Structures are given as structure tokens and as C-alpha cells.
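Peer 1: requesting a structural model of the entry that follows:
(chains A and B)
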Amino acid sequence: MKTSAPKSAEKAKINTGAESSDSTATSEILLVGLDWGTNTSCLMAKPHGSEAVRLREQIPTVVGYVPENVLEGVIPNNASILYGRDALKYKLHLQVVRPLQGGVISDLPAATLFAQHLRSLLPSGSTEVRAVIGMPASSDVAARENVRTSVQGVFDKVIFVPEPFLAALGCRDESRLSEADYKDPVLNSLYIDIGAGSTDVCLVQGHYPTVDDQLSAPFAGDAVDQIILDGALATYPDCGLTLNRIREIKEKYSYVLAEDASTPAIATVMVGGKPCKLDVTRQIGAGCEALLQKVFEMTRELITRADPDSVGELLGDVIVTGGGSLIKGFGVALQTKLIEEGFENVRVTVLGENYKDYVARGALKVAAQAKDRHWQTLIS
Amino acid sequence: MSSALTTPAFAAAPVSTAAKPQVLWNEIVRWTLEACILRKEGRETQVASLLQDRLPGLIRNWSSVCGLPSETCKQNLRALFRRIQESVETGYIHRRMIVEEVCARLTAQPAVAHARSAEVGPVRLRRRIPIDDVPGMLDAVAEAEVETRSEAVLPMRQAAASMLHLFSGESASPAVLTA
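Peer 2: From the prediction side, this is the model:
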């Protein structure tokens, strides 16, 4: 795939709120659900009016620029830019950029290129592409504007929805609502979304979370990485560890339960051209424990805000999602801390590896039910 | 912004029960106004906290030291609450009108608008929408976004700042309230 060099994103002119004179046949409209994550993005697509999902893909949110001096034939098809897994595979030869930091766009040109790459993955043949895009609960209006700008020319119409809303919708299996043994996850649950830049805790009790039902803190995966790196550098000065390397090690070895510390986390780094093995088990434990404590405190506070009559059932449905939920033993450790605090009948569920799907799936559900007035048309 | 109405500290110790009637009255004004603004912001938990924990004690203390008959106290308080509520509603409407005008002007300066938006934080729903009502949720999100932009252009507290002067000091002339 030959791609063009990065260009500055042009400013999007937005026509908001207007009812579209929708002459496009629904069969020609492609609906897209996008969870644009700091580390990984999840893209789902289906034709308007259809239930069949045509595309479901997770893509590392990475753009890799090929420097001028790379020899011909090293990069597949001599591309000038690689994306996602390809960018990670050839990262040694690339200038790798992560367009998002802390859940929001930090590099607009790279984000624009990444959005164009996402568009290239969609099934062809549609005359109009409408995307519902999840936004971190803590993102501000300026963060939305950056996303709008970067998807201009990529999607025809967009809607931005807070990610916790989409995760709640995505978790729900409407086809099973009539089953007696199905526990509807949006009736009385507490959602904990641990992302890269922020941790969001919200009550979902049959309605979308309001300002009173949510807590957000800028302490999540990125902060854990920094704690681990600081600890590692304090123990092994000049070891050359970087945040990117720490992130890789953390994703493999993260833990919060003492018994999991018996598996040593070994980071291999090159010192003076020789491989050197560093044990960072303790540092990883410290970083993950700090996150656990923060999540515990936020959860405890939100429980105290809930209607006392609802708390009993609420505690039985605490749902942890986001990248932080993949920390080994996190759900068990959080449940134990809540029980030790005096809460009864606590049950913490971790959504697991496919947590990204829930936001994108929820976004597709929103796309299917949105009225014309909700779609914001992006005009070049 | 010196004229802006700052958020009173919730953790602040209550005014002494031995405080003068005027001081207690000003506290009642301050916290009632705060409760009305918080209600417009959708912060019902904090509103409940004020109405249940902060204001009853103040009202009790003021009623016991102001030297007015019990019925007059009630009338004065009712009048105060009504006028504060009306003023906040009026301020809210005025702000919306002003903001529409300012937003239209800021369209020519999007960078300024974005910078101000970043200061006011995330978009949050201020009313409850059932999970099944996706169109209702999208309407509410759009509404909240407009409100967030409004807050960026003209903070509600700033719009309401002048109201504090309207009510503070009224207990010195209770006849004004009962008239």
C-alpha cells in the first residue's frame, strides 16, 4: 500500500443539528461504530437496516512514518506510512507515533492519517458512511473538535457519545431480555472503565449516567507506566528503559495479587550492546497497586452516592472494563478490598480481552437508532 | 474575574450559632443561591446535602436570634427562596440569550472558543434518560454540549454574581421582604 506523506488537517466546517434532506437510500448507508482508543481502536460496521456486522476489527492505534533513508524493499510495497500491526511489526525502521494520549488526540496530523486508514478498512460500495464515535467520559469540547477535524473527509456524518454510555449499551444483549435467568447489565450496575489516560466509574441504573452518577480521574494506565518506569530507573539507573518498553512489559506481567508476584517480570534491555535482564516485578506491583487503590477509592465514593435501597443489588454487579481490567487478578483484588471495607455480597466481573468490542458494539446500536437530526454533517 | 460568584466551600465549618442575625441571613442567602445554581447544573446530590444538612441549622439559628415573630420569619424566608429561584431562572435565560450572541461572534474565532471550552471540562448529562431511549440520550448529550459551551463563554456563576448583592443585607429591613 503506497500512502501519501502526512498533511495538515484542514479545518472542518460543521453543520450541527440540521435535519438532513436524506435522499440516500438506507441500503447505501454504512453505519460505523468506533472506539478510538489510545492503544487500540475497535471498528465495527454494518449496512443501515441490517443486523449483520460486516466488519469487526481491532487495530493498534499507531502510525509509523518511514524515514527517507530506509532502503528500498525493507518496508512492504515501499510504503511511506504504515498503520496498526504493520507499524508495530516494522517499528525499528519507522518513526512510530501514537496519535492519542490519555484518550484524546495529541497529534492531529497523525490522527487524521489514522482515521483515513480506518476508512480504507471499511467495506466499499456505500455512498454514505455514518460513524458513532466513543469519547472518554472526561474529554472536553476541544477534544471533540479535534476528533471532528481528524475525521473530516473520512466519514460523512458523525455522532460523539461518551464511552460509558456505549459500553453499557454494548454489554446488553437485547435478544435475551425476556429470559428469566438473564441479568440485564444496565438495570443496576457499577461500571469501572480503566483506560490509558483516565479512570471512569459510573452508576448505570436503568438510565444513562448523569453528572452525579460519574466519577473520573486522570489516573490510569499511563500513570501506572510512569510509576513503574520511575521505580525501575530508581533501582537501575541508566538502564535505558522507556515508557513504550515499560508498557509492553506491564501488558505481559501486570498483577495485583501477592501470589502472582512469584512470576518474575523480567525486562531485557540492551546496555552497551549487550542484553541485560532486569527484574521489575516489584515496580510493576507498585504501579498496579496504586491503580487498584485509586479505583477502590472512586468505587467506594460512588457507592455512597447511590440510593441506599439500590446498593445491595448494585454491589452484586460491579463491572470492570478497559485496558486496566486486564491486570492479572484485578477483579478479585478489588472485590476483596470492597468486602474488607465492609460492603456485602460484592461481585466484581471483568469483561476481559474483548472489552473493546463493547464500546464499538454500543456505538453501532446508537448509529442504528439515531434520527437524522442527531447526525452532524462534516463539510469540507 | 473578581465579580464572579465563587463556589462556597462545602467543607467549611458552619457559622457560629452566636453569630449576628445579619451574618446568618447572608449565609442563608449564599447557600440558597448555591443550591439553586447546583440544581441548574444537575448536581442533585449536593443540592440534597445543602437542603438537609447546611440550611436547616442556619434557618433555625437565624429564626431564634432575628427578633421577628415566627410567622414573619417564615414569610421572609419563603419570599427569599422564591426570589432567589426566580432570579436564577432569569439569569439562566439571560445567559442563554447572551451566549447565543457571543457564540455567534466566537464562530469567527474558533481557537478562542476551543480554549475556553477546554477550561470547563467534560460534557455530562444533567437529567436522567432511560437506557432504551437512545434518541433521548442523543438529544440530552447535544443539550449538554451546548450547556458546556455556554459555561465556557459565560460561566453561570458569573452570570449570577450580581444576584448576591440583591439579597444580602435584606434582613436589616425585613419589611422589604414582607411587602
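Peer 1: phi, psi of the nearest residue to A:D357 once chain neighbours are set aside?
Peer 2: Nearest-residue entry for A:D357: A:C42, 6.0 Å, with adjacent residues in sequence omitted and distances by C-beta to C-beta, 6 or more residues apart in numbering or on different chains. Where C-beta positions appear, they are placed from N, C-alpha and C, glycine not excepted. Phi and psi for A:C42, reported as degrees, to the nearest 10, are phi -120, psi 130.
Peer 1: who are the contact partners of A:C42?
Peer 2: A:33-35, A:56-59, A:356-357, A:359-360 (C-beta atoms under 8 Å, 6 or more residues apart in numbering or on different chains).
Peer 1: tell me the confidence at it?
Peer 2: Per-residue pLDDT puts A:C42 at 94.
Peer 1: repeat for the one 3 residues further on
Peer 2: On the pLDDT scale, A:A45 is placed at 96.
Peer 1: hang on, the earlier thing: which of the contacts of A:C42 ranks first by neighbour count?
Peer 2: With neighbours defined as other C-beta atoms under 10 Å in any protein chain shown, the most crowded of these is A:V359; it has 33 neighbours.
Peer 1: next, that one: phi, psi?
Peer 2: phi -70, psi -50.
Peer 1: residue contacts, the nearest residue to it once chain neighbours are set aside?
Peer 2: Take A:V359 and drop its neighbours on the chain: the residue closest to it by C-beta to C-beta, 6+ apart is A:D35, 3.8 Å away. For A:D35, the contact set (C-beta under 8 Å, 6+ apart) comprises A:41-42, A:134, A:163, A:166, A:356, A:359-360, A:363.
Peer 1: can you pull up the bridge partners for A:D35?
Peer 2: Here A:D35 sits in beta bridges with A:C42, A:G134, going by DSSP bridges.
Peer 1: is any part of the host helix or strand of A:A115 close to chain B?
Peer 2: Assessed by DSSP states H and E, A:A115 sits inside helix A:108-121. No - counting by C-beta under 8 Å from any C-beta of the partner chain, no contacts exist between helix A:108-121 and chain B, the nearest distance being 12.2 Å.
Peer 1: contacts for that helix, please.
Peer 2: Contacts for helix A:108-121 (C-beta under 8 Å, 6+ apart): A:3, A:6-9, A:34, A:41, A:43, A:55, A:57, A:59, A:61, A:63, A:81, A:83-84, A:97-100, A:105, A:129, A:146-147, A:149-151, A:153-155.
Peer 1: could you redo the last one with a cut-off of 7 Å?
Peer 2: A:6-9, A:43, A:55, A:57, A:61, A:63, A:81, A:83, A:97, A:99-100, A:105, A:146, A:149-151, A:154 (C-beta atoms under 7 Å, 6 or more residues apart in numbering or on different chains).
Peer 1: how about the residues of chain B by chain A?
Peer 2: B:42-45, B:114, B:117-118, B:121-131, B:134-135, B:137-138, B:141-142, B:145, B:148-149, B:152 (C-beta under 7 Å from any C-beta of the partner chain).
Peer 1: let's see 6 Å
Peer 2: Taking C-beta under 6 Å from any C-beta of the partner chain as the criterion, the neighbours of chain A within chain B are B:42, B:44-45, B:114, B:117-118, B:121-122, B:124-126, B:128-131, B:134-135, B:137-138, B:148.
Peer 1: for B:V88, list the residues it contacts.
Peer 2: Neighbour list for B:V88: B:C36 [criterion: C-beta atoms under 6 Å, 6 or more residues apart in numbering or on different chains].
Peer 1: thinking again about what came up before, tell me the two of the contacts of A:D35 that are most distant?
Peer 2: Using C-beta to C-beta, the contacts of A:D35 span at most 13.5 Å, a distance reached by A:S41 and A:L166.
Peer 1: mutual contacts of the two, please.
Peer 2: Counting by C-beta under 6 Å, 6+ apart, nothing touches both A:S41 and A:L166.
Peer 1: tally of neighbours for residue 77?
Peer 2: This is for chain A. Counted with other C-beta under 10 Å, A:N77 comes out at 10.
Peer 1: wait, chain B
Peer 2: B:L77 has 18 nearby residues by other C-beta under 10 Å.
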